[in-house]
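>>> Sequence plus predicted model, see below.
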Amino acid sequence: MSADATAATDTPAVTWRIEDGTAVITLSNPPVNGLSDRVRAGLSAALDALESTADLTGVVLVGESRGFCGGADVRQFNTPAAHAEPRLRDVLDRLVRLPVPVVAALHGFALGGGLELALGAHVRIAQEGTEIGLTETTLGLIPGGGGTQRLPRLIGAGPALDVILGGTRLTAAQAAEAGIVDAVFDGDPVAAGIRAVQGRAASGTGLTVLDDQPVPDASAVDFEAARTAARRNRRNARARLAAIDAVEAATRLPLAQGLDHERALFTELVEGPESKALRHLFFAERTASRIDALPRDTQPRTIEQAAVIGSGTMGAGIAMALAAARIPTTVVDTTDEAITRARGRIRDTFESQAKRGRITQAQADERIACITLTTRQADVADADIIIEAVFEDLDVKRTVFDQLDAVAKEGAILATNTSRLDVDLIAEATGRPQDVIGLHFFSPANIMRLLEVVQGKRTADDVLATAMALATRIDKQPVLSQVGEGFIGNRMLSPYRREAEQLLESGASPRQVDEALEAFGFAMGPFAMSDLAGIDVSEAGRRTFRATADPVLLASQSDIPTKLYEAGRYGQKTGAGFYRYEEGDRTRYDDPAVQEIIEECAQANGVTRRTVTDEEIVERCVLALVNEAAKLLEDGIAQRGSDVDVVWVAGYNFPAHRGGPLFWAQQQGLERVVARMREFEETLGAYWRPADLLVRRAEAGATMVR
C-alpha cells in the first residue's frame, strides 16, 4: 500500500521507450509509484501502443527513483478514482497475454499491488536489498489485484498463505528462495531486465502464464486449521479469514471466478471498521513525524557518534538500537561489574538474533563492535548526542547533566530518557538548555518502536529536527510531546489504571479485568502488565501523585497497588503481585491473598461490592483514556489527536484494529461518549467530568482525529 501525493496532471505517470528491441515501461508516480488511477491509465495506454508494435522482443517493467511500486494508493480508497477504469485486473489480463517475454525488474520495494503487478509478468527479478511482500493484511485488507489467486499458482497455497497472512516484507534472497522471484541481480534494473529478456529469447523457453497454471499443492493445505489459528488471535481476524477464503478459492475455481471472489472480499473489508482503523493509523504514523511549528528550512545536526549514560536494561537497549543503525556508541557506567553485565547482555542479544536468522552473524559482529563500554565519563567528549538512561530520579538526572555539561563538546545534544520527569528542570542543570531534549524510549528499547520526543521550553529547533531524524534513522516511530507529567503515554496510563483498580473494589477480579480488556484487543491487561513491569517500579510514581495531585483525583485512587507493594508483592520478579506465579513459569494464578486486600480496600473506602460486567470494564477503562487524551490536547501536550492514537497503539498495546483511543471514540460517536462520561460523573465522581474539548467537538459534530 502507498500514500502517494497527487502528481501534477501534466506529468506522465507512466512512460515507455524502446531500447534494443525491448520496451521499457517506467512507473513515475512519486514518492513510491503507487497504482493510482493515472498509473493504471498510463499502463493501459502503453499496452495499447505495444500491442501494435512490430519486432518487439520483450517488455521490462521498472519503477522510477527509489522503488518499483509501493502498491495501491490508499488515499484513493472510497473515492471515485479507486473505481476508475481501467482496473488493475484489466491491465494484468492484457499484460500476461503479451506474446513476448515480460520481465518485472524490481528494486527498492515491490509491495502489495506492486508485487501483484509483478505477478502479471512472465519473469520477476529483484535487485539485492529489495523488499517484497503482500502487506495488505496490516491494513485490515487482502490483496485486491489478483495476489490471492496468482501467488498460490506460483509458489503453492501453503507458502502463499504464509506470505499473505504474515503481511511481512521479504528480502530479495528470501523471495528467490520462496520462488516468488526468478533471480537476484546487482546493478541497474533496466539493464538487468533487458538481459533477462535477451536470455529468455536465447534459451527458447516458452512463456509461462500464471493464469493458466493450477495451484500445485491444492490438496495439501488444511484451510480449516488455518481458520482456527486465525480466529485464535483476536487482532484483525477478519482480514486473515478473508485471505484464507480467497486462497482456498484459488485452489478450486478458475482464475476469473477466483478474481471475482477476491474482489468481493476486498470490497467488504474496505468498508469494515478494522480496515478503517488501520488505515487511520497508517496515515497517523506518517503525520506524527511532522512538526507543524518547525520551520521547513530547519536543518538537523550531524550525528556521527553517540553515547549513552547508564548500562542497565534501558541503556543497553538504546545502545543496541543505535548500533543497529551503524552509529558508533559509547556506553558509560560507574562500575566494572555493570559494564560486564551490559557487555554480556548486548552480545547475547545480537548473537541470539543471528541464530534466529533475523540478522547475519556478520551483522551481529558489526553491531557488537559498534559499542564501546567504559567507566570513564570523559570518553563521551566526542559524541554528537549523549542520551542519559539512569535511575528515574530528578536529582540523580540533574547531577548527570551537570557533569555532562563539563565534558560534552560544544553543539552536542544532551537527551534524557525520562518517562515522566520535567525536562526543563533537568535542562536547568546545564549551561546549554537549548541543546537539551527528552527522548523517552520504551523498554526493551532495541525492540519497541515508539519514541516520545519531548520538547523543552528552550529546546532549539535544530535539536528538535535532529531528534526526529534520528528516530527515523534508528527505526523508531517518533511522536512529539511537550513537557508535562507523564508526557502523552504515561499521563493517560494513570486514569486507565485508576479505573482498573477501582473496578476491583467495585467487585471485579484482576483476571476479569485483564481478560475483558484482552478480549477488546489489548495484548495484555493492566494487572498482568503491572506484574510484568514491577509494582515496585510504579510505586514511586504513585507516591509523587499522592504528594501533588488535585484532591478530586486523589480521592479516586485505590490503595490496592500500594498494599501489594507493602506486602512485598512486586509481580513476576517476586512470584506474587496481582497474581501468583510458580518459579520459572509466567502463568497467572489467582491468589486468595489478593482478594483479601481488595476487599479490605473496598471496605475502607465504603464501597459495596457488586457484579461488574465485562462491558463496564471496557467502557470505563477506555473512556478514561479518551477523556485524558482530550485534556492533554487542551493543554497543548500533543500536537494532534492522531498522535495520541499512535502513542497508545505503538507503546501501550492498544489494539491497532480499533485505531487508537480517539479514533475508537469517534467511531462510537462523540455525543454518546460524552453522555456516558456524564453518567459516570454522576455515579462515580467529579473526576469523570468530560473534557471541555470533547464536549465542544461533540456539540459541533466535529472530530477528534482526521
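Noted; the coordinates are in hand. Numbering: from 1, shown residues only.
>>> burial measure for R473, as a count.
15 (other C-beta atoms under 10 Å). To be clear about C-beta, it is placed using only N, CA and C from the backbone, and glycine gets the same treatment.
>>> Which residue is the nearest non-sequential neighbour of it?
Nearest in space to R473, with sequence neighbours left out and distances taken as C-beta to C-beta, 6 or more residues apart in numbering, is A325 at 5.2 Å.
>>> again, but for G438
Nearest non-adjacent residue to G438, counting by C-beta to C-beta, 6+ apart: V454, 2.7 Å away.
>>> Can you tell me the SS state at the one you found?
Following DSSP: H, G, I helix; E, B strand; the rest coil, the label given to V454 is strand.
>>> Report the contact partners of it.
Residues counted as contacts of V454 (C-beta atoms under 8 Å, 6 or more residues apart in numbering) are 418, 423, 437-440, 481-483, 487.
>>> Can you show me the CA trace of stretch 171-180 as PDB?
Written as PDB, here are the backbone C-alpha positions of stretch 171-180 (Å, rounded to 0.1, in the frame of the first residue of the first chain):
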ATOM      1  CA  THR A 171      14.300  -9.700   1.200                       C
ATOM      2  CA  ALA A 172      15.200 -10.400  -2.400                       C
ATOM      3  CA  ALA A 173      17.100 -13.500  -1.300                       C
ATOM      4  CA  GLN A 174      14.100 -14.800   0.700                       C
ATOM      5  CA  ALA A 175      11.700 -14.100  -2.200                       C
ATOM      6  CA  ALA A 176      14.000 -16.000  -4.500                       C
ATOM      7  CA  GLU A 177      14.200 -18.900  -2.100                       C
ATOM      8  CA  ALA A 178      10.400 -18.900  -1.900                       C
ATOM      9  CA  GLY A 179      10.100 -18.900  -5.700                       C
ATOM     10  CA  ILE A 180       8.500 -15.500  -6.000                       C
END
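>>> buried stuff in that stretch?
Along stretch 171-180, the positions that meet the burial threshold by neighbour count (16 or more other C-beta atoms under 10 Å) are 171-172, 174-176, 178, 180.
>>> neighbouring contacts of that stretch?
With contacts defined as C-beta under 8 Å, 6+ apart, stretch 171-180 is touched by 106, 115, 124, 126-132, 151, 154-155, 159, 163, 170, 181-184.
>>> picking that back up, residues in contact with the residue nearest to R473?
The neighbours of A325, taking C-beta under 8 Å, 6+ apart as the test, are 473-475.
>>> for A389, same thing?
Residues 308-310, 312, 314-315, 318, 417, 441 are the ones in contact with A389 under the rule C-beta under 8 Å, 6+ apart.
>>> need the strands for the stretch 301-450 of the chain, in chain order.
Shown for the stretch 301-450 of the chain, the strands assigned by DSSP state E, counting those that start in this stretch span residues 306-309, 329-332, 371-374, 385-388, 413-416, 436-441, 450-455.
>>> for the second one, packing partners?
Spelled out, it's strand 329-332. Counting by 3 or more C-beta pairs under 8 Å, 6 or more residues apart in numbering; DSSP states H and E, the packing neighbours recorded for strand 329-332 are strand 306-309, helix 313-324, strand 371-374.
>>> what's the angle between the longest one and strand 436-441?
Meaning helix 313-324. For helix 313-324 against strand 436-441, the angle by axes from the mean of the first three to the mean of the last three C-alpha atoms, to 10 degrees is 100 degrees.
>>> if you skip the residues just before and after it, what's nearest to I142?
Counting by C-beta to C-beta, 6+ apart, I142 lies nearest to A243, which is 4.6 Å off, once chain neighbours are set aside.
>>> Hmm, the one you found is touching Q149, no?
No. With contact defined as C-beta atoms under 8 Å, A243 does not count as touching Q149 (11.7 Å).
>>> so where is the stretch 501-650 of the chain shaky, pLDDT-wise?
Applying pLDDT under 70 to the stretch 501-650 of the chain flags the ranges 545-549, 552-555.
>>> could you list every residue that touches A383?
With contact taken as C-beta under 8 Å, 6+ apart, A383 is in contact with 305-307, 330, 408-409, 412.
>>> Can you say which of these are buried?
In those, burial by neighbour count holds for 305-307, 330, 408, 412, counting by 16+ other C-beta under 10 Å.
>>> Dump the residues you listed into CSV; add pLDDT as well.
What follows is those, written out as CSV (pLDDT from 0 to 100):
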residue, pLDDT
Q305, 98
A306, 99
A307, 98
T330, 98
A408, 98
A412, 98
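>>> I'd like those laid out as CSV, including distance to R231.
What follows is those, written out as CSV (distance: C-beta to C-beta, whole Å):
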residue, distance to R231
Q305, 50
A306, 45
A307, 48
T330, 49
A408, 54
A412, 52
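>>> Return the member of the residues you listed nearest to G34.
A306 (35.0 Å; C-beta to C-beta).
>>> these two touch, right, the closest one and I386?
Yes. Contact criterion C-beta under 8 Å: A306 and I386 qualify, at 7.4 Å.
>>> Ignoring the adjacent residues along the chain, who's closest to L464?
The shortest distance from L464 to any residue that is not its chain neighbour, by C-beta to C-beta, 6+ apart, is 5.7 Å, and that residue is Q455.
>>> What's the separation between the one you found and A389?
Summarising the geometry, the distance separating Q455 from A389, computed by C-beta to C-beta, to the nearest Å, is 19 Å.
>>> Likewise for D48?
Using C-beta to C-beta, we find D48 at a distance of 61 Å from A389.
>>> check contacts around the closest residue in space to Q353 that isn't next to it in sequence.
Spatial nearest neighbour of Q353, excluding adjacent residues (C-beta to C-beta, 6+ apart): I359 at 4.9 Å. For I359, the contacting residues are 350, 353, 367, taking C-beta under 8 Å, 6+ apart as the criterion.
>>> what number of residues lie near the second one?
By that I understand Q353. The number of residues packed around Q353, counting by other C-beta under 10 Å, is 19.
>>> Please determine how far it is located from V626.
According to C-beta to C-beta, Q353 stands 38 Å off from V626.
>>> Check the first one too.
Counting by C-beta to C-beta, the gap between F350 and V626 amounts to 40 Å.
>>> quick one: stretch 652-665 to chain centroid distance?
12 Å (C-alpha atoms, centre = their mean, to the nearest Å).
>>> coming back round to it: out of the buried residues of stretch 171-180, which one sits closest to T15?
Of these, the one sitting nearest to T15 (C-beta to C-beta) turns out to be A172, at 25.0 Å.
>>> Excluding residues flanking it in the chain, which one is nearest that closest one?
Nearest non-adjacent residue to A172, counting by C-beta to C-beta, 6+ apart: A126, 3.9 Å away.
>>> The one you found and H107 touch, don't they?
Yes. Look at A126 against H107 with C-beta under 8 Å: they come within range, at 7.3 Å.
>>> quick one, which of the two is more surrounded?
Per other C-beta under 10 Å, whichever of A126 and H107 has more neighbours is A126, with 30 against 24.
>>> how about the one helix or strand A264 maps to: buried residues?
Assigned by DSSP states H and E, A264 belongs to helix 255-270. Under the neighbour-count criterion of 16+ other C-beta under 10 Å, helix 255-270 has 255, 258-259, 261-263, 265-266, 269-270 buried.
>>> before we move on, what about stretch 209-216?
The neighbour-count check on stretch 209-216 (16+ other C-beta under 10 Å) flags 210-211, 215 as buried.
>>> Of the residues you listed, which belong to strands?
Assigned to strands by DSSP state E, none of the buried residues of stretch 209-216 qualify.
>>> Turn the residues you listed into CSV, including distance to G651 and pLDDT.
What follows is these, written out as CSV (distance: C-beta to C-beta, whole Å; pLDDT from 0 to 100):
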residue, distance to G651, pLDDT
L210, 42, 88
D211, 45, 89
V215, 41, 95
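>>> hang on, the earlier thing: let me have the helices and strands packed on strand 329-332 in JSON lines, extended by distance to I447.
As requested, the helices and strands packed on strand 329-332 are exported to JSON lines (distance: least, C-beta to C-beta, whole Å):
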{"stretch": "strand 306-309", "distance to I447": "16"}
{"stretch": "helix 313-324", "distance to I447": "8"}
{"stretch": "strand 371-374", "distance to I447": "17"}
